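Peer 1: show me how the following folds:
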Amino acid sequence: MSNSKKIGFLVTGLLMIAGFMAWIYQGKEGLVLTNMRNSYSWGLYVSGLAFFVGNAAGGLVLSSLIYLFGVKSLKPFAKIGALTAFANVTAAMFSILPDIGQPVRIYHMILHPNLNSPLIWDVIVLNLYAALSLLLF
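Peer 2: Numbers count the residues shown, from 1 in each chain. The predicted model follows:
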């Protein structure tokens, strides 16, 4: 491997670590750090949710259509599609996690769910979606 590739991997890895640490800090301190009154920071998480749910739907549709039509030559792709769906649903769950402010508050949401809140329905539907994709896998 050339030196330029090694440097590129190192820089990319350091940026990923810095981004992950910033996300952890934001989760600890709450979304007040992102100025959640600004629609940009809020919209970033919502667009991430839509993106990952759309990708998960694609993986689940691919998987289920292969089984529905019984195409034996594509069976290995069905497992990949189901695994992709599960990974994307998990990423979607992580993308809505900051909407509750601090991730510790998820316990309150589980113990005292407010069924009028769309956030609790996101949590319920995404968990069912993850269970379905694992079942299909």
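Peer 1: model confidence at the most centrally placed residue in the chain, what's the number?
Peer 2: What sits nearest the mean C-alpha location of the chain, by C-alpha atoms, centre = their mean, is Ala91, with 1.4 Å. Model confidence at Ala91, given as pLDDT, is 90.
Peer 1: that one against Ala50, yeah?
Peer 2: No: taking C-beta atoms under 8 Å as the definition, Ala91 is not a contact partner of Ala50, at 11.7 Å. C-betas here are computed from N, CA, C, even on glycine.
Peer 1: domains in the chain, by residue range?
Peer 2: Per automatic domain parsing, the structural domains of the chain span 1-34, 38-136.
Peer 1: now do the end-to-end distance for stretch 67-75.
Peer 2: 8 Å (C-alpha to C-alpha, to the nearest Å).
Peer 1: buried stuff in that stretch?
Peer 2: Neighbour counts over stretch 67-75 (16 or more other C-beta atoms under 10 Å) mark Leu74 as buried.
Peer 1: many thanks, have a good one.
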